[in-house]
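Enquirer: Sequence below, structure please.
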Amino acid sequence: MALAKHETAEKECDVAGCSNPAERSFNIKQVARSSLTLKSQDLRQVHLCKEHYKEYKKETKNDRELDQVYR
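Expert: Okay, the predicted model is just below:
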């Protein structure tokens, strides 16, 4: 049985001024709700390092809770 080949190269955080390795990736529409400034606006997927992921979670906590209620 063949296994799926995913990228093995480590991604870098897409926040401007950050070069830490990425931990998570999100759709750009999700990240646009936060105050994070990105290196490029023409991305589909945004990769965030551990620090910026934590910041993103704090900023969007209320929005994510409301989304869960109205689903």
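Enquirer: which residues of this structure fall in helices?
Expert: 28-31, 50-59, 61-69 (DSSP state H).
Enquirer: Make TSV out of the ones you listed and add mean neighbour count and distance to residue 41.
Expert: Any C-beta I mention is one placed from the backbone N, CA and C, and that applies to glycine too. Converted to TSV, the helices of the chain look like this (neighbours: other CB atoms under 10 Å; distance: least, CB to CB, whole Å):
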stretch	mean neighbour count	distance to residue 41
helix 28-31	15	8
helix 50-59	15	16
helix 61-69	9	20
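Enquirer: want to throw those helices into CSV with mean pLDDT and distance to residue 15?
Expert: Shown next, in CSV, are the helices of the chain (pLDDT from 0 to 100; distance: least, CB to CB, whole Å):
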stretch, mean pLDDT, distance to residue 15
helix 28-31, 90, 9
helix 50-59, 95, 5
helix 61-69, 78, 19
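Enquirer: Need these in JSON lines (columns: distance to residue 43).
Expert: Putting those into JSON lines (distance: least, CB to CB, whole Å) gives the following:
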{"stretch": "helix 28-31", "distance to residue 43": "5"}
{"stretch": "helix 50-59", "distance to residue 43": "14"}
{"stretch": "helix 61-69", "distance to residue 43": "20"}
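Enquirer: For residue 19, find the nearest of these.
Expert: The closest of the helices of the chain to residue 19 is helix 50-59. By CB to CB, the value is 11.6 Å.
Enquirer: Contacts for the closest one next, please.
Expert: 13, 15, 18, 20, 23-24, 26, 31, 33-36, 48 (CB atoms under 8 Å, 6 or more residues apart in numbering).
Enquirer: Turn the residues you listed into TSV, including distance to residue 61.
Expert: Shown next, in TSV, are the contacts of helix 50-59 (distance: CB to CB, whole Å):
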residue	distance to residue 61
13	20
15	19
18	21
20	22
23	18
24	16
26	15
31	14
33	11
34	11
35	14
36	15
48	15
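Enquirer: Spatially, which two of those residues are the most separated?
Expert: Most distant of the contacts of helix 50-59, by CB to CB, are 20 and 33, 21.6 Å apart.
Enquirer: that older thread, now list the buried members of the contacts of helix 50-59.
Expert: Neighbour counting by 16 or more other CB atoms under 10 Å classes 13, 15, 18, 26, 31, 34, 36, 48 among the contacts of helix 50-59 as buried.
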